[in-house]
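Undergrad: return a 3D structure for these sequence lines:
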Amino acid sequence: MAGLVDLCTGVAAHEIAAGNSSGSTAGLAPGCTAEEPLGGVVGMASERADEQAQKRVRRLYGEDNLVCHGGEVWAQDVAPVMQEDREKRKQKTARSDDADIPIYLWDSVLNWEDEPRKTEALCKIRLGVLRWCKRTVRKEFLGWFWGKHNTLKGTWVEMQRAALTGEGVMHLKTFLNQVRRNVEAKRDWEAGRECIVRYSNSTWWEWNDGSRPHFWRWPVEYQKQVRDGVPPWFKSKVPNWKVPQRVERDPELRKAMRAKLEKVKNLRCIQPGTMTSLTSYFSVPKGDSDLRMVYDGTKRGLNDSMWAPWFALPTIETHLRFLGPESSLGDIDIGDMFHIFVIHEKVQKLAGIDVTPFFPEELTQKRQLKVIWLRWVRSVMGLKSSPYNCIQGILVAEELIKGNPSDEDNVFRWDYIALNLPGSQSYQPGIPWICKWRKGDGKLACDFLIYVDDIRSGGNGWCEARRASQVIAMRLNYLGLQDAARKRRDPSQQPGPWAGSVVGTMEGVVYVTVTQERWDKAKMMVNWIYGAVKSAESVDFKTLESYSFFLIYFSCTYPACVPYLKGIHLRLDSWRPWRKEDGWKYSLREIRAMLEEKGADVGEMIPGCGDRPPGKVKVVPRLHDDLQALMELLQPDTPPKRTIYPAKGQ
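TA: All right, here's what the predicted structure looks like:
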């Protein structure tokens, strides 16, 4: 059964091991490539599976085909080699929405010799297991529904009995009428029905019909929010705006926008319904040949009337807390994350869109229609409350995925928080200052981070990291969240970028860097600012602000740049009141002295200073020196690797 469980990291068949975090990590060993250690199977697998893993590897590969180097066992020219695709998947283009699904990542676990007979057998096994999973979801929901609304079960049983005699239709109407009279039962039934329909239309690898959180599997205290959406907070009067959507004149662009609208329409993310206000939308380029739809909730004040709490996202410093010299890292993507979570009914009424210009044929087919208005029922980028609502749901799911840290069968188990502080007698420079630690094998605990919809998992060696990725994918799908298999990256000590940085280990050294593309972009921005400063006394505010945001993000990887961004910030704020010639703000004592001389009140603003920034801002004195320092730091042609934890003995 462990072999089948290892296959269940695909999209739809997660229930096989949804409640079981154990399993044979040794069974994953044959999926290693010639360039990667076999998950650190010798000395890096979990303590319980270590001996079995060594025996399995030697049995599969033979003693003559194994090479031991640096305490790790390597396969020599026998593992299935897909290195070209593995390297390609580290690039951003291979993780696009239309990328091919790397099925070999799963097939190689049990069919490492790539035998056609075994490949065909795996396809049949997946088909059978998928059918079983779909039946299980339906049965589980009905069992939960009858447990919560037991008064309706009798009518359902009578309906099933009557169906055998041909009188089931009448009893079905009676049952549905009883459900409609019970508001809570109606919401549960309709939401559960949608979950089952979407799940039934999925394949092993993809959720072709989209998904909706399986709310009955979530914690009781959060089931209502994940079913109906998080209630919004309004701080002012909501808008009432019903201006028709602007017609796109470019035929090619109109065709591309229609395709984007058709996708969300077919996934039933936008549906007919009652609405009191509309929002506009437009498109912006995405790459060289694609576009991104922007649904503007800011227009006419919808976003201004709403309030959403602030929330934090993990940074590269957070990521480094579970990295060690033996760590391997994998990547999982949550597919269509914003389109998974439902938005509250109060927001749905205000989030209508006019699609009449893009579907004029529907007016011809239904002559009684004059306009085609649809409303958003799922979270969408552009509504102020959507990011908070989605991140809240993902954080709840994160706790469910991690499970009980005391469970010995949990891959994410840990015993205590270790403090490895500089200056202490036991300080080790090769591990994080603060981290989760396991007593059993004396190693860093497996862990993962979620940056919006990108998940980075890590473990001690390939096998443990892959096991962590498997558990994450299984439990995501179990909760009704999509695991985008086409964007999966197999665990590696040198993975691709995550949250703007590239983290990896090489010969026991943990390092962080950026991609060549980001390095070149940062150099371009600094050179542009320097050229603009030399040629004029003022610079375009919007461009400088945009570049400063990127450089702040860039400085998370290279903190040495942080002090030299101050000149840019002083320049951006030079238009504000109470600023000196060098851009720094006057102290409170200086402001009071200036106002006393004029006989003005402390709260009085300096005349001529508005609330909005000007089109251009003036140069501050220290900006030239700061830019020269940044240019010196960015002088190398390739991005340097910043050492985080040195190798043992260095």
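
Undergrad: contact partners for the most centrally placed residue in the chain?
TA: Against the mean C-alpha coordinate of the chain, by Cα atoms, centre = their mean, the closest residue is D453 at 0.9 Å. Residues near D453 by Cβ atoms under 8 Å, 6 or more residues apart in numbering: 333-335, 337, 394. For glycine as for every other residue, the C-beta is placed from the backbone atoms N, C-alpha and C.

Undergrad: tell me the contacts of K242?
TA: With contacts taken as Cβ under 8 Å, 6+ apart, K242 has the following neighbours: 277-278.

Undergrad: element containing it, please.
TA: Of the helices and strands defined by DSSP states H and E, none includes K242.

Undergrad: need the pLDDT of it.
TA: Confidence at K242, expressed as pLDDT, is 87.

Undergrad: if we can go back for a sec, what separation is there between the residue nearest to the centre of the chain and G393?
TA: D453 sits 12 Å away from G393, going by Cβ to Cβ, to the nearest Å.

Undergrad: that older thread, and the contacts of D453, which of them are buried?
TA: 333-335, 337, 394 (16 or more other Cβ atoms under 10 Å).

Undergrad: just the CA atoms of stretch 550-563, as PDB, please.
TA: Extracted C-alpha coordinates of stretch 550-563, given in PDB (Å, rounded to 0.1, in the frame of the first residue of the first chain):
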ATOM      1  CA  PHE A 550      11.900  46.600  -6.400                       C
ATOM      2  CA  LEU A 551      15.200  47.600  -4.800                       C
ATOM      3  CA  ILE A 552      13.700  47.200  -1.300                       C
ATOM      4  CA  TYR A 553      12.600  43.700  -2.300                       C
ATOM      5  CA  PHE A 554      16.100  43.100  -3.800                       C
ATOM      6  CA  SER A 555      17.800  44.200  -0.600                       C
ATOM      7  CA  CYS A 556      16.200  41.400   1.300                       C
ATOM      8  CA  THR A 557      18.700  39.100  -0.400                       C
ATOM      9  CA  TYR A 558      21.600  41.500  -0.200                       C
ATOM     10  CA  PRO A 559      21.200  43.500   3.100                       C
ATOM     11  CA  ALA A 560      24.400  45.400   2.300                       C
ATOM     12  CA  CYS A 561      22.400  47.600  -0.100                       C
ATOM     13  CA  VAL A 562      20.000  48.800   2.600                       C
ATOM     14  CA  PRO A 563      22.000  51.800   3.900                       C
END
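
Undergrad: the lengthiest helix in the chain - contacts with which helices or strands?
TA: Ranked by number of residues, the top helix in the chain under DSSP state H is helix 116-148. In terms of contacts (3 or more Cβ pairs under 8 Å, 6 or more residues apart in numbering; DSSP states H and E), helix 116-148 is packed against helix 2-7, helix 104-110, helix 183-200.

Undergrad: out of the ones you listed, which comes closest to G459?
TA: Distances from G459 to each of the helices and strands packed on helix 116-148 were compared by Cβ to Cβ, and the smallest falls on helix 2-7, at 15.1 Å.

Undergrad: quick check: phi and psi on W498?
TA: Main-chain dihedrals, W498, degrees, to the nearest 10: phi -150, psi 130.

Undergrad: can you tell me which residues contact the closest residue to it other than its chain neighbours?
TA: With Cβ to Cβ, 6 or more residues apart in numbering as the measure, R456 is the residue that lies nearest to W498, at 4.7 Å, once sequence neighbours are left out. Residues near R456 by Cβ under 8 Å, 6+ apart: 319, 329-331, 448-449, 495, 498-499.
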